[in-house]
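Novice: Sequence first, then the predicted structure:
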There are 2 protein chains.
Amino acid sequence: MEIIDAIKKKTKQWSAIHHIVTYYLLAVVISTIIVSLPFFHNPGVELPFIDAMFTAVTSISVTGLTAVSIPDTFNPAGQIAIAVILHLGGIGIMTMGTFIWVILGRKIGLRSRKMIMVDQNSKTLAGLVKLLLAIFKLILLIEVVGAAILSIHFLSYFDGVGEAIRHGIFASVSATTNGGLDITGASLIPYADDYFVQFINMILIILGAIGFPVLVEVQEVLKGRSKALNDRHKFSLFTKITTVTFFWLVVIGAVSIYLLERNAFFADKSWHETLFYSLFQSVTSRSGGLATMDVTQFSTETLFFMSVLMFIGASPSSVGGGIRTTTFAIMLLTIWNYAKGNSSIKVFDREIHQEDMLRSFIVIATSLMLCAGSVVLLNKTEPFSLMEIIFEVASAFGTTGLSMGITPDLSIFGKCLIMCLMFIGRIGIFTFLFIIRGDDTKDRFHYPTERIIIG
Amino acid sequence: MEIIDAIKKKTKQWSAIHHIVTYYLLAVVISTIIVSLPFFHNPGVELPFIDAMFTAVTSISVTGLTAVSIPDTFNPAGQIAIAVILHLGGIGIMTMGTFIWVILGRKIGLRSRKMIMVDQNSKTLAGLVKLLLAIFKLILLIEVVGAAILSIHFLSYFDGVGEAIRHGIFASVSATTNGGLDITGASLIPYADDYFVQFINMILIILGAIGFPVLVEVQEVLKGRSKALNDRHKFSLFTKITTVTFFWLVVIGAVSIYLLERNAFFADKSWHETLFYSLFQSVTSRSGGLATMDVTQFSTETLFFMSVLMFIGASPSSVGGGIRTTTFAIMLLTIWNYAKGNSSIKVFDREIHQEDMLRSFIVIATSLMLCAGSVVLLNKTEPFSLMEIIFEVASAFGTTGLSMGITPDLSIFGKCLIMCLMFIGRIGIFTFLFIIRGDDTKDRFHYPTERIIIG
Ligand SMILES: [K+]
Ligand SMILES: [K+]
């Protein structure tokens, strides 16, 4: 009993973040059991434990790297189970949990609210439940509309209506949650000439990766709820920064892929093929993970560039991973404002808080060390080329899910490491640091400051 | 005349840093002319302009990457000329210039002092000339002692006394300035079994790369000048941080190289061979550039790890390059103190200034973008593997000079890019940013601060 009491006491001390991580881990365990059930497998399939766990982690973290082929391994029921797990990770276990609680009419206490706040990076507790409900409804709406459009369009691809709907639903869920998984067995390559499917998928991926707060703010503005506010400050600084960064990453990504492959992969392609290949692969590098081509056909410079894009990742409070767009934006803004000789970081008539700059620094530095260390270790344990390993690591950390095809052949150690990267990428490096840091206990003393030489 | 007046006016507005860069560039031009002189070449040698310039930049920036073999291209007179150019870069043009001015009894004005201050990253103008003289004397002393020891030892290697002295002097200068060049045609590989030569070279490399302020402070303490000071604060925070970081980088570097190669390159080596190969290659990764082996014999994981080491580089105010040890240390300290929940960065009973943290962030971020961009471009223009290119870029930016052997076969564009990296690595990314920034004109207005979500 003493041990149980000790555990209880310890548990109480845990901060909200510890709970979030515990719940995510629990979700991984349950998902592993679910995808291991023979009931969900195709006849004759033997799914090793490590690959079942890998499928669970890739689904919970909505990454899309897979050690096994989804349609070869899982029957339609299993595919539905995976679509549900994609939700658990994508919208966030807390959003999901809150929704269920609200449905059941259960009172949501401060502790739960705090946990939700951490999960969604929210700054205030007020209106949180309303926000989460709005998010859930929005994502569900997007998925349903996407599924409907794609299902109708897929009628021309598949024999039965049921088959078209199954493909439509899975594709919509996979794109919206940025899950990156497919039941075609070859991502979106079967639709390489179908620009309508690609366009719908890009829209869905962007809606999932742009950040929930952005969606909610846009919705409120559309509804006219923010009329009272100053026009220029209709949107929050977060929404402005993340949207602008996201937009430019997509544009610069597409243009760069075009320029790098102009005389290579795109040499014999028409202008519209070139446009869609560049644009789709740029969008999917944010976090989507679906692809309209075999990325190994790109040259090393393009793959390295895409690795950088995947490392940056999507918006915070979205279905994406990586260091996040805002972190990258703060980095650029810090350099730019320092080079201009400004005393503070100014953007959109607002100033960035010193603490946010510090966090951005910590996130970038920690992520880099994590990924560089992983690249060294995987080079030691796996027989693949440096480019293949860098691409895999960036894809896992960015929860993107693109791969040069080495995932199924990774060693047990390699798969475990990639699972850790996907998990950390999903919960965010900053949350991960908070686990070490614990509660906000600050030191109260100070030493004299002494300057040193930098760079 | 109007144009000349305009230029004069513009020149007056230039900050000290602009002058430093201009002088470095001028040094490159003069050095290019010197190494182009047929008088310095072996009979029958045709040195292309790009390779002459490359030799000049590699010498001024004390990097050691070379497009041509030094002993095959340059006669003994030419080798002496290169040794002199190594000095110009290594000790810093300003140190050199100050020394000459002092010798000539010329008054050193505030403007010149300011320039020296920037070049040596010094915080105060007082005692600067004395400091520079002390540095110059120290480095010269180290080189002379090194040259004497090596020359005597080399008597057993070479036929004539003159030959031994020539090799002794060049080796000592190349090691102390971290020049990384050689006149053996194969770096220190001929001395792969001679642990005495390796030991002396390591000492010389470390003395050059540990940072001039450290040398001067140690000298003062040895002379007993700091007796009045508190024992614990005998050394500056800078000296403590850079020395501790340098030490651990060497130790962790050597241990990691050993662990990564234990079953590969070191599989058939004796314990003392393993020890010296690991230790020397770790020391030389700081900034030295000399090698006791062909680094391509290492596996990819080791080469990638060494690239990270070279990117970090040596101490500021030393003959080394890279982001510098202090920048790296501040990064680790920031993460560590944040994870612990401290309100400020505490180390050695002192606190790090917010501005230094900001600078460290900017240096790391800018360097990464510079190097990642270079890797993408070189992959596009050069026919080499990703590992060869990453290694070359890290080596150039860290002014290390190790190479997997691709330097002579780089395209004109590739050579120009590597020259830029060596130049920026030498003057330091922070100085480089200051060129854009110009004088310290700060903005006087503020916007409201708004928090955003990071990571
Ligand atoms: K994904
Ligand atoms: K060097």
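Specialist: The structure has been received and is ready for your questions. Ligands and ions are numbered 1, 2, ... in the order given.
Novice: OK, contacts around the closest residue to residue A:56 other than its chain neighbours?
Specialist: In this structure, residue A:56 finds its nearest non-sequential neighbour in residue A:31, 3.6 Å apart by Cβ to Cβ, 6 or more residues apart in numbering or on different chains. The C-beta positions use only the backbone N, C-alpha and C, and glycine is treated the same way. By Cβ atoms under 8 Å, 6 or more residues apart in numbering or on different chains, the residues touching residue A:31 are A:55, A:56, A:57, A:59, A:60, A:85, A:88.
Novice: Among those, show me the least confident.
Specialist: Among those, residue A:88 has the lowest pLDDT, at 75.
Novice: Surely that one and residue A:28 touch.
Specialist: No: using Cβ atoms under 8 Å as the test, residue A:88 is too far from residue A:28 to be in contact (9.8 Å).
Novice: quick check: mean pLDDT across the helix or strand hosting the residue nearest to residue A:56?
Specialist: Using DSSP states H and E, residue A:31 sits in helix A:16-36. In this model, helix A:16-36 carries a mean pLDDT of 81.
Novice: my read is residue A:358 is in a helix, agree?
Specialist: Yes: counting by DSSP: H, G, I helix; E, B strand; the rest coil, residue A:358 is part of a helix.
Novice: Let me know the distance separating it from ligand 2.
Specialist: Distance, residue A:358 to ligand 2, by Cβ to the ion, to the nearest Å: 33 Å.
Novice: Extract the residue ranges of the stretch 351-455 of chain A that are flagged as low pLDDT.
Specialist: A:431-455 (pLDDT under 70).
Novice: Which residue is it, in it, that comes closest to ligand 1?
Specialist: residue A:401 (3.9 Å; Cβ to the ion).
Novice: what does the stretch 251-400 of chain A give?
Specialist: For the stretch 251-400 of chain A, Cβ to the ion, closest residue to ligand 1: residue A:289, 3.3 Å.
Novice: Please look at that residue and residue A:180 and confirm they touch.
Specialist: Yes: contact between residue A:289 and residue A:180 holds when scored by Cβ under 8 Å: they sit 2.4 Å apart.
Novice: got any residues that touch both of the two?
Specialist: Between them, residue A:289 and residue A:180 share the contacting residues A:63, A:64, A:65, A:400, A:401, A:402, judged by Cβ under 8 Å, 6+ apart.
Novice: ok, and which of the residues you listed reach ligand 2?
Specialist: Cross-checking the shared contacts of residue A:289 and residue A:180 against ligand 2 (Cβ under 5 Å from the ion) gives no overlapping residues.
Novice: Select from the residues you listed the one having the most neighbours.
Specialist: Using other Cβ atoms under 10 Å in any protein chain shown as the neighbour test, the shared contacts of residue A:289 and residue A:180 are led by residue A:400, with 36 neighbours.
Novice: That one: what secondary structure?
Specialist: Under three-state DSSP, residue A:400 comes out as coil.
Novice: so who does it touch?
Specialist: A:63-64, A:180, A:284-289, A:310, A:313, A:321-322, A:394.
Novice: now do residue A:401
Specialist: Counting by Cβ under 8 Å, 6+ apart, the residues that residue A:401 touches are A:58, A:63, A:64, A:65, A:179, A:180, A:181, A:288, A:289, A:290, A:395.
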